[in-house]
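fold the following for me, if possible:
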Amino acid sequence: MMRLHLHLLSDSTGETLENIAKAALAQYDDVETVRHFWPMVRTEAHLERILQEIAQNPGLVVFTLVNVATRRILEQRCLALGLPAVAPLDPVNDALSGLLGQQAKARPGRQHVLDAAYFARVDAIQWTIAHDDGIASEDWEEAEIVLAGVSRSSKTPTSIYLANRGWKTANIPVVVESPPPRILFTLKNPLVVGLTTSADRLIQIRRNRLLSLNQMPDTPYVEEEAVTREIAYARRMFADNGWPVIDVTRRSIEETAAAIIALANDRKATRT
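Numbers count the residues shown, from 1 in each chain. Predicted coordinates for the structure are as follows:
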C-alpha cells in the first residue's frame, strides 16, 4: 500500500478543498493518505510554519489561496522542493473570467458571506432538526422534502445533509405496528421519498447500534424474518402511494442526498 502525504492549504475554512480532495482520492485504491489540513492561511508568517512541515513530510500540495504574494511563495518553495502544487479552482476562475470579462475578486472566504442564502440554510437546519423522527407532523406541509423509511435506513443523517444544502426536510420512521400519521398520505407541497435497504445490511447496522448501546442484539429488531417483513411492508407503502424509492444499501449519505435533490429539482421544473 502506498503512503501519501496530502497538504491542503486554504485561506478560508477549507471546506471546498476538503471536498475536492475527497472526491479525487475516492478514485484510487490501496493508498494510505496522511492529511495535513491548513485552514485560514492568510499571512506569510503562517505559511512559513506550514512550509517547514511540508518539507519534513513531502507530498502533494493542494491549495486555494487568493492572495497573489502568498501563493507565489508557496509555489516557488514547492518548486524548489520538487513537489507538485495544485490550485484546483484556477481553471474554473480562468473560464469564468473569460466569459464574464472581469477578474475574480481576491477575497478569502468570499463564498461564506452572510447573505440571504446563508440564513436560508440556517433556517432549513433548524426546521429539519425540529421535525426529525416524525415530530410535529402537523407542519409537514411546510417541508420541501419528507423522507420515510424503516429504522436505521439513514433518514436522519440524510435529512441533516439536505438541510445543510438548504432543503427543509422532515422524516418519519415506517413501523409495522404503528402506521404513520394520516397527513403523510395527503401532503401536496413536499416531495415524499421512500428510503429502503437490504435486510442483511440493515441487520448489520442495527446489531452494531445495539452493541454500541450495550444492549443484547437478540430481539425481533435484528431478526432476519422480522426485518424482511418490515422492509416489505415499507416498500408496499411506497408503491401504493407512488412515492419515488431510493435504495441506500450501497450509497453514501452524499449520494443519497444528491439523488433526492435531483428528484426535487425535477419536480420543481415540472411545476413551473
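
mind listing what's buried along the helix or strand hosting Gln52?
Gln52 belongs to helix 44-56 when elements are defined using DSSP states H and E. Within helix 44-56, the residues that count as buried by 16 or more other Cβ atoms under 10 Å are Leu47, Ile50, Leu51, Ile54. Bear in mind the C-beta positions are built from the backbone N, C-alpha and C, glycine included.

and the nearest residue to the third one once chain neighbours are set aside, what helix or strand is that in?
Closest residue to Leu51 apart from its sequence neighbours, by Cβ to Cβ, 6 or more residues apart in numbering: Arg77 at 5.2 Å. If you go by DSSP H and E, Arg77 is part of helix 68-81.

please apply the same query to Leu147.
Per DSSP H and E: strand 145-149 holds Leu147.

neighbours around Val92, how many?
10 (other Cβ atoms under 10 Å).

check what pLDDT it gets.
Looking at Val92, its pLDDT stands at 85.

if I've got this straight, it is in a helix?
Yes: assessed with DSSP: H, G, I helix; E, B strand; the rest coil, Val92 lies in a helix.

against Arg3, how distant is it?
30 Å (Cβ to Cβ, to the nearest Å).

what of Lys268?
46 Å.

I'd assumed His131 was in contact with Asp139.
Yes: with contacts counted by Cβ atoms under 8 Å, Asp139 reaches His131, the gap being 6.3 Å.

and stretch 7-18, how far out from the chain middle?
Between the centre of stretch 7-18 and the centre of its chain there are 16 Å (Cα atoms, centre = their mean, to the nearest Å).

quick check: buried residues in it?
His7, Leu8, Leu9, Ser10, Asp11, Ser12, Gly14, Leu17, Glu18.

now these in a markdown table, with distance to Gly82, secondary structure and pLDDT?
A markdown table is the format used below for the buried residues of stretch 7-18 (distance: Cβ to Cβ, whole Å; DSSP: H, G, I helix; E, B strand; the rest coil; pLDDT from 0 to 100):
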| residue | distance to Gly82 | secondary structure | pLDDT |
| --- | --- | --- | --- |
| His7 | 14 | strand | 96 |
| Leu8 | 19 | strand | 94 |
| Leu9 | 18 | strand | 95 |
| Ser10 | 23 | strand | 92 |
| Asp11 | 24 | coil | 88 |
| Ser12 | 28 | coil | 83 |
| Gly14 | 25 | coil | 83 |
| Leu17 | 22 | helix | 88 |
| Glu18 | 25 | helix | 88 |
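
show me which of the residues you listed is closest to Tyr221.
Glu18 (35.6 Å; Cβ to Cβ).

show me the contacts for that closest one.
Leu8, Phe37 (Cβ atoms under 8 Å, 6 or more residues apart in numbering).

tell me the spacing between it and Gln204.
28 Å.

same question, Leu83
For Leu83, the distance to Gln204 - Cβ to Cβ - is 42 Å.

lovely, talk soon.
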